[in-house]
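Visitor: Fold the following and give me the result.
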Amino acid sequence: MTSPAEAPSSPPRERRQRVQSAETGMAVLKGLAHLGGRSSLTALATHVGESPAKVHRYLASLMEESLVRQDTASQHYYLGPEAIQIGLAAMRQADPIRAAEPCLIRLRESLEVTCFVAVMGNKGPTIVRFEEPGLPVTVNVRAGSVMSMLWSATGRAFLGLLDESRVVALAEQELADATEDMRALLDADDPIGALRREVQQAHCAIVRDTYLRGISAVAAPVYDYAGRVCAVITALGATGGFDPAIDGPIAIAVRREAKAAGALLGAAA
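Guide: I've put the predicted structure just below:
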């Protein structure tokens with residue numbers, strides 16, 4: 001017989017067991033997603049660090065809820081229609097501007113720099129959210145400003161990492177309209193191609209005094225769940241006190257925050 005002193009501990013223990021059971025079920029479901037949405041029982045069990053027998057029991061429960069299905073031919077498990085509906089609902093709520101907001105605030109507060117997020121508009125990279133520190137630098141860009149494709153770090157990030165014909169077309173038009181002095185800042189033989197390769201190699205874009213005199217900037221891409229660049233986060237400051245080096249603290253922080261924003265949109269780690 002259970003003593004009176006032991007009775008009160010049973011409900012908390014049962015709750016803990018239910019929580020642990022739910023956590024394991026979610027681990028199995030997430031493990032299946034991380035393995036590409038389809039996996040054998042053995043591979044899935046190895047991935048989540050549980051025995052095949054235990055994982056099989058959870059898969060059976062998930063199948064009852066249509067979160068998982070099993071291929072009768074291969075015996076592999078794959079994400080079911082209910083899991084797809086959950087994913088679609090999350091995708092509909094994925095907003096790069098909202099995802100970038102906390103990233104901009106962290107950059108502003110930790111580095112005391114001006115920063116913004118831009119998306120690709122019809123006329124070019126367009127600023128949609130702008131954050132300034134307590135002592136901001138004086139720049140003539142604000143929310144709604146359209147940035148240069150060739151001379152701004154923001155535009156170069158889109159040019160190098162967003163594989164769309166309209167992006168290249170905007171850059172070609174800008175190049176055709178550029179003065180000789182501005183064209184001289186680019187590669188003589190392949191100005192657009194050289195810019196793209198530079199950005200692709202660094203996975204970010206850096207400018208020093210090219211778009212706004214006395215201003216340097218670093219920009220990094222934000223990827224969505226499909227692996228497409230959906231936005232660019234940029235930090236800028238007065239050239240004398242702003243280090244835009246690729247391996248410098250500002251560039252590292254901008255790339256880190258762009259990656260954090262992408263994670264909220266379902267981008268691959």
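
Visitor: For stretch 66-83, list every residue counted as buried.
Guide: Using 16 or more other C-beta atoms under 10 Å as the test for burial, stretch 66-83 gives Leu67, Val68, Arg69, His76, Tyr77, Tyr78, Leu79, Gly80, Ala83. For the C-beta atoms, the positions are set from N, CA and C on the backbone; glycine is no exception.

Visitor: For the fifth one, give me its contacts.
Guide: When the contact criterion is C-beta atoms under 8 Å, 6 or more residues apart in numbering, the partners of Tyr77 are Leu32, Arg38, Ser39, Ser40, Leu41, Leu44, Leu59, Val68, Arg69, Gln70, Asp71.

Visitor: Tell me the one among the residues you listed nearest to Val113.
Guide: Leu32 (40.9 Å; C-beta to C-beta).

Visitor: and stretch 205-218, C-alpha only, in CSV?
Guide: Output of stretch 205-218 as CSV, limited to C-alpha atoms (Å, rounded to 0.1, in the frame of the first residue of the first chain):
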residue,chain,number,x,y,z
ALA,A,205,29.9,42.5,-48.9
ILE,A,206,32.2,45.3,-47.7
VAL,A,207,32.6,48.9,-48.9
ARG,A,208,34.8,51.8,-47.8
ASP,A,209,33.9,55.3,-49.0
THR,A,210,32.4,54.1,-52.3
TYR,A,211,28.7,54.9,-51.9
LEU,A,212,28.7,57.5,-49.1
ARG,A,213,31.9,59.4,-48.6
GLY,A,214,33.4,58.9,-45.2
ILE,A,215,31.2,55.9,-44.6
SER,A,216,32.1,52.2,-44.5
ALA,A,217,29.6,49.3,-44.4
VAL,A,218,29.3,45.5,-44.0
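
Visitor: Val117 is in contact with Pro125, isn't it?
Guide: No - Val117 sits out of contact with Pro125 when judged by C-beta atoms under 8 Å, with a separation of 10.2 Å.

Visitor: Next, show the common contact partners of those two.
Guide: Val232.

Visitor: re the thing from before, let me know the closest of the contacts of Tyr77 to Ala260.
Guide: Looking across the contacts of Tyr77 and measuring by C-beta to C-beta, the closest to Ala260 is Leu32, at 24.5 Å.

Visitor: from the contacts of Tyr77, which ones fall inside helices?
Guide: Among these, the members falling in helices (DSSP state H) are Leu32, Leu41, Leu44, Leu59.

Visitor: Next, format these as JSON lines and append pLDDT and distance to Ser216.
Guide: Formatted as JSON lines, the ones in helices among the contacts of Tyr77 follow (pLDDT from 0 to 100; distance: C-beta to C-beta, whole Å):
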{"residue": "Leu32", "pLDDT": "91", "distance to Ser216": "45"}
{"residue": "Leu41", "pLDDT": "94", "distance to Ser216": "54"}
{"residue": "Leu44", "pLDDT": "94", "distance to Ser216": "48"}
{"residue": "Leu59", "pLDDT": "93", "distance to Ser216": "53"}
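
Visitor: Can you show me the helices along the stretch 1-150 of the chain?
Guide: 10-34, 41-48, 52-64, 81-93, 96-111 (DSSP state H, counting those that start in this stretch).

Visitor: Where does Ala217 sit: helix, strand or coil?
Guide: The three-state assignment at Ala217 reads strand, by DSSP: H, G, I helix; E, B strand; the rest coil.

Visitor: List the contacts of it.
Guide: Here Ala217 is in contact with Ser152, Ala153, Thr154, Ile206, Val207, Tyr211, Thr234, Ala235, Leu236, Gly237, Pro244 (C-beta under 8 Å, 6+ apart).

Visitor: Most neighbours among the residues you listed, which one is it?
Guide: Thr154 (34 neighbours; other C-beta atoms under 10 Å).

Visitor: Show me what the helix or strand hosting that residue is in contact with.
Guide: Assigned by DSSP states H and E, Thr154 belongs to helix 153-161. Contacts to helix 153-161, defined as C-beta under 8 Å, 6+ apart, come from residues 118, 120, 124-125, 127, 147-150, 167-168, 171, 192, 195-200, 203-207, 211, 217-221, 229, 232, 234, 236.
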